[in-house]
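Need a 3D model of the sequence below.
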Amino acid sequence: MRLLAGALLGAVAISAAAAPTPIVRVAISPETVAVGEPARLRVTVLVPTWFREAPRFPSFELANAIVRLPPDASRPTSARIGGDNWSGIVRDYQLYPLLGASYRMPAQTLRVTYADPDTTGPVSVDVEVPGFELRGEVPVGAAGLDPYLAGSALRLERAIEGDTTALVEGGALVVRYVAELRGLSALFLPPLTAALQLDGVSIYADQPVVEDGEPARRSEQLTLVFRRGGEFTLPGLALDWWNTATGEIETATLAPLTLSVQGRVPSLQERMAVLQPGWRAIALVLMGLALLAWLWRRWAPALLRALLERRQAYRRSERCAFRALRTAIAGGDERAAHHALLRWLQRLDPATDARRFARAYGDAQLQRDIDQLSAALYRGAAQPVDLARLSRGLGRARRAFSERRSAQRRASLPPLNP
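Numbers count the residues shown, from 1 in each chain. A predicted model of the protein is given here:
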């Protein structure tokens, strides 16, 4: 019996040694970084022979963090495993935390296809990618910055298209503001001209252009149309930011800029028309004002009541509740999204709940996303909820609900020609 048991154990050991499985190694360095600075995540996949297909690496998406692939992110490698030379592929990622918080990535699976050591035929297996943790911290000296800006360089620029020495009433000028930041995402750059208002000037703003890169860039363009002459001052701009190279707070500035606009001189006929208006024009204006006042007293109360009732009816509607749900999901707050989901389902069908609705009108993915949202709120699940995918799934399920209800109503109608 002992000899038989030993033989069996030896056969198992030989079989295990003859079928080595791929190895996945994960390393993150450093494990704690300043907000906006990158941590390097390195994933190494090793196989005993060679790859028949490229490994399908995970995306490593994290809420409130940016994940990038640097240039030449993937490269071949090799290692000695148990006295044999194994082939491998290394992939590097850059993780940028956007908040001072802890980030946890749970273990995932990676599909690896390599050559069988005996037959060289393809072998596909799912190998576990170990989880990891990352900590983002705001530097102590930069804790008071609002908004938080950090990087190795910040530059502000204001460019003007047009001749500032020959401005006249009715003329226009294009002003472009640009902020360039090295070492942080363009998402951190705040609006540059949001509060700009000038009396006597119409300001038309183009959509801001935000571009990530090295450096990250935000560009805002304004068109100024001068309705009158005079002196107009474009205010200066100051942004405090944390210099990661020096470990100090610095300030990037733009100086104010004053523009002189020449007013148009009215003709004699225009001045006379202003000083001596005709009595017929005055009478017509007075009659028009009297008619407007009578119409207002006659119809305004009923019109206001109708508008108020319509607004209140909309606020009680399923459409308003669904719009509030989409807004809560877009805001990224899981608790607000869950509450908005319950309010919308109450308006849609008081007899159902989130899980029954997902089973009846959604798909398996929507059921998992709703369960995951509930788990994140009531059981403290660490896996972040993909709110964008949840929003798309709810939209499809809502359309399916409407189509089914419409079909039921059509089926219940009596025939037009019995």
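
in the helix or strand hosting Glu128, what counts as buried?
Using DSSP states H and E, Glu128 sits in strand 122-129. Across strand 122-129, burial judged by 16 or more other CB atoms under 10 Å covers 123, 127, 129. Every residue, glycine included, has its C-beta placed from N, CA and C.

Show me which of the residues you listed is closest to Val90.
For the buried residues of strand 122-129, the minimum distance to Val90 (CB to CB) is 13.5 Å, reached by Val129.

Kindly reformat the buried residues of strand 122-129 as JSON lines and extend each row with pLDDT and distance to Arg347.
Converted to JSON lines, the buried residues of strand 122-129 look like this (pLDDT from 0 to 100; distance: CB to CB, whole Å):
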{"residue": "Val123", "pLDDT": "92", "distance to Arg347": "54"}
{"residue": "Val127", "pLDDT": "92", "distance to Arg347": "47"}
{"residue": "Val129", "pLDDT": "92", "distance to Arg347": "43"}
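
Please, where are all the helices along the stretch 301-418 of the chain?
Here the stretch 301-418 of the chain has its helices, by DSSP state H, counting those that start in this stretch, at 318-330, 334-348, 354-361, 364-378, 387-412.

who's in contact with the residue nearest to Gly393 when sequence neighbours are not counted?
Leaving aside its chain neighbours, Gly393 sits nearest to Leu366 (3.7 Å; criterion: CB to CB, 6 or more residues apart in numbering). Contacts for Leu366 were tallied using CB atoms under 8 Å, 6 or more residues apart in numbering; they are 358, 390, 393-394, 396-397.

how much space between Leu366 and Ala397?
Between Leu366 and Ala397 the computed distance is 6 Å (CB to CB, to the nearest Å).

Could you tell me which residues touch both of these two?
Counting by CB under 8 Å, 6+ apart, the contacts common to Leu366 and Ala397 are Ala358.

about what we covered before: which of the helices of the stretch 301-418 of the chain has the lowest average pLDDT?
For the helices of the stretch 301-418 of the chain, mean pLDDT drops lowest on helix 364-378, to a mean of 82.

Quick check: buried residues in that one?
For helix 364-378, by 16+ other CB under 10 Å, it's 366-367, 369-370, 372-374, 376.

Repeat that for stretch 30-42.
Neighbour counts using 16+ other CB under 10 Å place 33-39, 41 of stretch 30-42 among the buried residues.

residues making contact with it?
Under the criterion CB under 8 Å, 6+ apart, residues 26-29, 60, 68, 90-100, 132-139, 148, 150-151, 183-185, 188, 244 lie in contact with stretch 30-42.

From these, list the buried ones, please.
Among those, those classed as buried by neighbour count (16+ other CB under 10 Å) are 26, 28, 60, 91-93, 95-98, 132, 134, 136-139, 148, 150-151, 183-185, 188, 244.

Grab the most central residue of this protein for me.
Residue closest to the average C-alpha location in the chain (CA atoms, centre = their mean): Ala330, at 8.3 Å.

re the thing from before, out of the buried residues of stretch 30-42, who's nearest Leu308?
When the buried residues of stretch 30-42 are ranked by distance to Leu308 (CB to CB), Val35 comes first, at 47.0 Å.

From Val168, how far off is the nearest residue to Gly263 once chain neighbours are set aside?
Closest residue to Gly263 apart from its sequence neighbours, by CB to CB, 6+ apart: Gly229 at 2.5 Å. Distance of Gly229 to Val168, given as CB to CB: 7 Å.

what lines up beside the helix or strand encompassing Asp92 in the sheet?
Asp92 is part of strand 84-97 when elements are defined by DSSP H and E. Sheet pairing for strand 84-97, assigned by DSSP bridges, gives strand 39-47 (antiparallel), strand 65-68 (antiparallel), strand 74-81 (antiparallel).

so how far is the second one from its chain's centroid?
Just to be clear, that refers to strand 65-68. Taking CA atoms, centre = their mean, to the nearest Å, the mean C-alpha location of strand 65-68 is offset from the chain mean by 12 Å.

again with the first one
For strand 39-47, the distance from its own C-alpha centre to the chain's C-alpha centre is 27 Å (CA atoms, centre = their mean).

average pLDDT across it?
On average, strand 39-47 scores 93.

and Ala238, that one's in a strand?
Yes - looking at Ala238 with DSSP: H, G, I helix; E, B strand; the rest coil, it is inside a strand.

Does it touch Glu250 like I think?
No - using CB atoms under 8 Å, Ala238 makes no contact with Glu250, being 10.8 Å away.

ok, and which of the strands paired with strand 84-97 has the densest surroundings?
Mean neighbours per residue, mean count of other CB atoms under 10 Å, is largest over those for strand 39-47, with a mean of 20.

Relative to Val175, how far out is Phe232?
11 Å.

Quick check: neighbours shared by those two?
Common contact partners of Phe232 and Val175 (CB under 8 Å, 6+ apart): Leu224.
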